[in-house]
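> coordinates only, sequence not included:
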């Protein structure tokens, strides 16, 4: 059997080098930008030639893991990876620098179901790192993505259950932190675990060809937990800091946010011909501390589309928003919203949507694009603006994505795979965000190339506190982040591939490191790997990693003095599927 690598290896390639975070900056819209239909385009066009298993894996990914017609209703898969590695900086700090030998255990469990009543895709992939001498870095990192859609009453009543567990950098890295490869390059004390889950019962009724009405309720929760518990942080930073976290913000070592959402919508059907109408009425109540104390978001939007031609649809919308966030000063928005734009669909694999209007109290521009440039090249792009926070955006990502192979996520608007955020670190403010991202993929006969770049700017809208000081960051402070990556995968033989990828991230974290620690922090990473498939169920790999973190941000205590450092590591491992 010709096989470049396991599905997990290709998914890892996607997650670490192909993709970037395309999470919606505009909160309160779990279906994505209103008026833009979810991705329904075709697969990557056939290019011919021999690309081993990479092409089918990517096509399966873009299809959001739809099972073949001949597949069994339920598929359970498991595998175990064991890697032995050596590093020249196990603590990942400026000093002291300690070499060490370590072992990485990476089991993966996945369950896919497709029946008349239940559609499920669950992937759990914890990461266990055991160090020979530097026991402080021994850790277990949890990674999980899962969705289940249960049909309670056919064509009428449904239950949507979702969940995710991710890791991110506490200080901020400039890196995409969606994958085990990126987060495992950080000191254990520089990591935060986020657990997000949602339960959404909803009723749906189709009025023939006139349209479909839906009404539902969603309960969503997010829990953030650092490896250092609250008590240890209080001892390091003083009771004033600890009390500020516990009483005012709900962030830092532990941050919680629960969201209640009531939503009703109506989407027109084929009887309206060239016209398409989507009306959404939504009420959101937040239960948290700081800016989320008594916060809410109520909004109505009526989006109209008219198909001018088969390829061009004119879009326009009117609505109203009533938004409140607490804090000093509190944020209040109570005004009409509007937008206008166009959607261009040149073929089944390409859609470009551009909207301009007013939303979240300011001028709003959004661009969502996926474009098949040629049979071998696909490009994704997005530009979005809006109001959000790190913890609220984690909930929005959960609502706007579908789970693909190996647990990675697909954006329901563009169909593009979605990476993770976290380049700014853990922050507690409410921000106005402007984010632009672009990703390009080129598939050749025996090679695949990918590149992505993301620029994000944030401006605080309410006063917030820095994680590492007791100073207040005032409203109006701006920060920025730039992240880019490039990757090349080459088929050496039918059962062996090589991978070379590079990442660069740069963050100006003024809102978090105010004062002496204010400045720019950059991170460079390089990965080179060779993977070989020995049998249908056994593969092996050799991987070299290099990371260099540099800039003006350094920790405020010896326990967090890992602002500038570099690390070389080499891993050799096997993965067995069962």
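On my side now, so go ahead. Source: prediction; values computed, not measured.
> remind me which residues of the stretch 301-450 of the chain are low pLDDT?
Applying pLDDT under 70 to the stretch 301-450 of the chain flags residues 404-408, 411-428.
> Kindly recompute the last result at 80.
327-328, 390, 400-429 (pLDDT under 80).
> where does the stretch 451-578 of the chain dip in pLDDT?
Short version for the stretch 451-578 of the chain, where the test is pLDDT under 80: 463-474, 508-521, 551-564.
> same thing but at 90, please
452, 454-456, 458-485, 503-523, 549-566 (pLDDT under 90).
> Show me the strands in it, by range?
464-465, 472-473, 478-493, 496-508, 520-533, 538-551, 565-577 (DSSP state E, counting those that start in this stretch).
> And the longest one, what's buried?
If I follow you right, that is strand 478-493. Using 16 or more other C-beta atoms under 10 Å as the test for burial, strand 478-493 gives 479-491. Yep, even glycine has a C-beta here, placed from its N, CA and C like the rest.
> with those residues in mind, which one is nearest to residue 107?
Closest approach between these and residue 107, by C-beta to C-beta: residue 489, at 24.4 Å.
> Make sure the closest one is actually in contact with residue 496.
No: between residue 489 and residue 496 there is no contact under C-beta atoms under 8 Å: 11.5 Å.
> Residue 545 and residue 83: what is the separation?
11 Å (C-beta to C-beta, to the nearest Å).
> joint contacts of the two?
residue 571 (C-beta atoms under 8 Å, 6 or more residues apart in numbering).
> about what we covered before: could the buried residues of strand 478-493 be laid out in a markdown table, adding distance to residue 536?
A markdown table is the format used below for the buried residues of strand 478-493 (distance: C-beta to C-beta, whole Å):
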| residue | distance to residue 536 |
| --- | --- |
| 479 | 49 |
| 480 | 47 |
| 481 | 42 |
| 482 | 42 |
| 483 | 37 |
| 484 | 36 |
| 485 | 31 |
| 486 | 31 |
| 487 | 26 |
| 488 | 26 |
| 489 | 21 |
| 490 | 22 |
| 491 | 18 |
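> Widest-spaced pair of these?
Most distant of these, by C-beta to C-beta, are 479 and 491, 41.5 Å apart.
> Tell me the secondary structure at residue 291.
For residue 291, the assignment made with DSSP: H, G, I helix; E, B strand; the rest coil gives helix.
> Give me the distance between it and residue 135.
Residue 291 is 38 Å from residue 135, by C-beta to C-beta.
> Residue 577 now?
Taken as C-beta to C-beta, the span from residue 577 to residue 135 is 31 Å.
> After the host helix or strand of residue 313, heading C-terminal, what element do we hit next?
For residue 313, the host element (DSSP states H and E) is strand 312-325. The helix or strand immediately downstream of strand 312-325 is strand 331-347, counting by DSSP H and E.
> Can you list the strands that that following strand pairs with?
Strand 331-347 has the following sheet partners, assigned by DSSP bridges: strand 312-325 (antiparallel), strand 350-359 (antiparallel).
> Identify each buried residue in it, please.
331, 333, 337, 339, 341, 343, 345.
> where exactly do the helices run in the stretch 101-250 of the chain?
Using DSSP state H, counting those that start in this stretch, the helices of the stretch 101-250 of the chain run over 180-183, 230-237, 239-243.
> Give the full set of residues in contact with the nearest residue to residue 356 once chain neighbours are set aside.
In space, and not counting its chain neighbours, residue 356 is closest to residue 365: 5.4 Å by C-beta to C-beta, 6 or more residues apart in numbering. Contact partners of residue 365, counting by C-beta under 8 Å, 6+ apart, are 355-356, 383, 385.
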